[in-house]
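Chemist: got a sequence here, can you build the structure:
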Amino acid sequence: MVERVNGTIKDATIKVTTYDNVGDMKANLALFLLLYNFNRGHGSLRKELKVRTPFDALDYWYKLSPELFKILPDKFKSVHAQITTT
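Modeler: You can find the predicted model right below:
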């Protein structure tokens, strides 16, 4: 599964974009990860968990077993959004 995610990230970013510097590449990757985790639908998640995005899956699992989480889903979302905008 990790190989598939890595391929998706590479195909959407570094394989199609020429970056002027490492900072531009990191910024582009951060924006893609924001889209990937919070907006982009995932077919296998929709079939198995009846959710649309990885964040929706995280929220679903939290509701089932909140004791397993060190960080609340909303906190994760806000921290992720701050990282991608800096």
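
Chemist: what lies in contact with the longest helix along the chain?
Modeler: Longest helix in the chain by number of residues, with DSSP state H as the criterion: helix 22-38. Residues outside helix 22-38 that contact it (C-beta atoms under 8 Å, 6 or more residues apart in numbering): 8-9, 12-14, 17, 19, 53-55, 77, 80-81, 83-84. Backbone N, C-alpha and C define where each C-beta goes, glycine included.

Chemist: what is the lowest-pLDDT residue among those?
Modeler: Minimum pLDDT for the contacts of helix 22-38 is recorded at Thr84 (56).

Chemist: just the buried positions in the longest helix of the chain, please.
Modeler: Residues of helix 22-38 classed as buried by neighbour count (16 or more other C-beta atoms under 10 Å): Leu29, Phe32, Leu33, Leu34, Tyr36, Asn37, Phe38.

Chemist: export only the CA atoms of the strand or helix carrying Arg4, formatted as CSV.
Modeler: Under DSSP states H and E, the secondary-structure element containing Arg4 is helix 2-12. Provided in CSV are the C-alpha atoms of helix 2-12 (Å, rounded to 0.1, in the frame of the first residue of the first chain):
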residue,chain,number,x,y,z
VAL,A,2,2.8,2.4,0.8
GLU,A,3,4.3,1.9,-2.6
ARG,A,4,1.0,2.9,-4.2
VAL,A,5,0.8,6.1,-2.1
ASN,A,6,4.4,7.0,-3.0
GLY,A,7,3.7,6.4,-6.7
THR,A,8,0.6,8.6,-6.5
ILE,A,9,2.5,11.4,-4.9
LYS,A,10,5.4,11.2,-7.3
ASP,A,11,3.1,11.0,-10.4
ALA,A,12,1.2,14.1,-9.3
